[in-house]
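# only geometry, no sequence info:
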């Protein structure tokens, strides 16, 4: 696996690169659709490839471990074969999901004990078995096991949590480097930077994970409720520390304007459930701002929802589908939103290459904030 930078914007820290994997190239900056359980909600794999042109998708270790389970995935030959997807996959380690189970889990130095949200069964995640599970899943890029501290956190809690994440990382790196991929292609490990909203902790964590000399680095624990200005400030800080020659992944971010602002700060990779989740609820992203398609104002608007991505479906028709409870409505809205997100990062890439990113970004952010 290889990461190559080709362009940097002269008026920001935005950059263009390519991650070469055994399942194909990933052009950065990139947005990665979230396929938590091996499925991007409401979108099939042919649409992901042919209509959205997703270069990489996500799976989640916690959910895939619970079902279909390691045995099924191993017998299938890994997640790629199980879901019939021949492009790259990234798996999150499950740390965030364990964090979200606050009342059903217990953290110790050993790992995280938790109860399944499905049947209440008890399980233990350790840094070692998280590496083993992700070997079985077979993603091209796998994540270290971490604790995501809640927002807000006290400094003392955030400091202790970061220390635990760093000690777990040491064990993840050891396990990863002492095991081999199972399916004949390369896998790489990303550590996860933590530290809540405390700049000195973020700096310490960035320096710590950079020393591990892994293929890339991830920024975790943001977009969990903190103000956007705080997210930007901390992202700027850690991007100034993380190695320039390695890809940077900002986890769980975010809105279209969040993505553009963080591309400007030097982030290469993004993921978020927002395109599909908002789409299922009738919020649609376009280059001229957000649309609540359920509003009555669209009842007799027969113009295309988006002349770039869904030119054959009018706003009135898609509104009708939502009001009638027809599943095609959320499907089309999700398709539109993912297409838009991928279009947005592709446009960012083109503007960085032509050194026009900064002015384009400022203009686009203002459009994206509009609600119609």
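Right, received. Where do you want to start? If you're wondering where the values come from, they're calculated on a predicted model, not measured in any experiment.

# so residue 209 touches residue 219, yeah?
No: counting by CB atoms under 8 Å, residue 219 is not a contact partner of residue 209; they are 9.5 Å apart. Bear in mind the C-beta positions are built from the backbone N, C-alpha and C, glycine included.

# For the stretch 151-300 of the chain, just list every one of the strands.
188-190, 192-193, 217-219, 248-250, 269-271, 283-286, 289-292 (DSSP state E, counting those that start in this stretch).

# Nearest to residue 36 among these would be which one?
Closest approach to residue 36 among the strands of the stretch 151-300 of the chain is made by strand 269-271 (10.5 Å; CB to CB).

# quick one: the closest residue to residue 199 other than its chain neighbours from residue 130, how far?
Nearest residue to residue 199, sequence neighbours excluded (CB to CB, 6 or more residues apart in numbering): residue 237, at 5.9 Å. The gap separating residue 237 from residue 130 is 28 Å, by CB to CB, to the nearest Å.

# Likewise for residue 286?
39 Å.

# more neighbours, those two?
residue 130 (29 against 22; other CB atoms under 10 Å).

# Let me know whether that one touches residue 97 as I believe.
No: here residue 130 does not reach residue 97: they are 11.6 Å apart, not a contact under CB under 8 Å.

# Would you mind measuring from the residue nearest to residue 199 to residue 231?
In terms of CB to CB, residue 237 sits 11 Å off from residue 231.

# Between these two, which has more neighbouring residues?
The neighbour count for residue 237 versus residue 231, taken as other CB under 10 Å, is higher for residue 231 (22 against 17).

# With adjacent residues omitted, what lies nearest to that one?
Per CB to CB, 6+ apart, closest to residue 231 is residue 222, 4.9 Å.

# can you tell me which residues contact the one you found?
Residues near residue 222 by CB atoms under 8 Å, 6 or more residues apart in numbering: 231, 234-235, 250-253.

# got any residues that touch both of residue 209 and residue 219?
Common neighbours of residue 209 and residue 219 (CB under 8 Å, 6+ apart) are 192-193.

# Ramachandran angles for the residue nearest to residue 231?
Listed backbone geometry of residue 222 is phi -110, psi 170, with angles given as degrees, to the nearest 10.

# Please tell me the pLDDT value assigned to it.
pLDDT recorded at residue 222 is 96.

# likewise residue 103?
pLDDT, residue 103: 75.

# which SS class is residue 18?
When classified by DSSP: H, G, I helix; E, B strand; the rest coil, residue 18 comes out as strand.

# That one and residue 210: what is the separation?
From residue 18 to residue 210 the distance is 21 Å (CB to CB).

# Not counting sequence-adjacent ones, nearest residue to residue 247?
Residue 247's closest residue in space is residue 216 (CB to CB, 6+ apart), at 4.0 Å.

# Surely that neighbour is in contact with residue 250?
No: in this structure residue 216 lies outside contact range of residue 250 using CB under 8 Å: 11.6 Å.

# So the two - more neighbours on which side?
residue 250 (28 against 22).

# where does the chain dip in pLDDT?
Scanning the chain for pLDDT under 70 picks out nothing.

# just the helices in it please.
With helices called from DSSP state H, the chain shows them at 45-50, 61-66, 70-76, 79-83, 95-100, 127-137, 155-177, 199-211, 228-239, 256-264, 274-280, 315-323, 328-353, 357-368.

# Can you add distance to residue 118 and give the ones you listed back as JSON lines?
Formatted as JSON lines, these follow (distance: least, CB to CB, whole Å):
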{"stretch": "helix 45-50", "distance to residue 118": "24"}
{"stretch": "helix 61-66", "distance to residue 118": "6"}
{"stretch": "helix 70-76", "distance to residue 118": "15"}
{"stretch": "helix 79-83", "distance to residue 118": "19"}
{"stretch": "helix 95-100", "distance to residue 118": "12"}
{"stretch": "helix 127-137", "distance to residue 118": "16"}
{"stretch": "helix 155-177", "distance to residue 118": "25"}
{"stretch": "helix 199-211", "distance to residue 118": "32"}
{"stretch": "helix 228-239", "distance to residue 118": "32"}
{"stretch": "helix 256-264", "distance to residue 118": "31"}
{"stretch": "helix 274-280", "distance to residue 118": "20"}
{"stretch": "helix 315-323", "distance to residue 118": "29"}
{"stretch": "helix 328-353", "distance to residue 118": "23"}
{"stretch": "helix 357-368", "distance to residue 118": "37"}
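
# nearest to residue 7, of those helices?
Nearest to residue 7 among these is helix 328-353 (5.0 Å), distances taken as CB to CB.

# does the residue nearest the centre of the chain have beta-bridge partners, and which?
Among the residues of the chain, the one closest to the centroid is residue 271, at 2.1 Å (CA atoms, centre = their mean). Per DSSP bridges, residues listed as beta-bridge partners of residue 271: residue 32.

# picking that back up, need the buried ones from the contacts of residue 222 selected in ChimeraX.
For the buried members of the contacts of residue 222, the matching ChimeraX selection, counting by 16 or more other CB atoms under 10 Å, is:
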select :231,234,235,250,251,252,253
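
# what's the most distant pair in the contacts of residue 222?
234 and 252 (13.8 Å).

# number of nearby residues for residue 14?
Residue 14: 26 neighbours (other CB under 10 Å).

# likewise residue 256?
26.

# Ok, residue 107 next?
By other CB under 10 Å, neighbour count at residue 107 equals 16.
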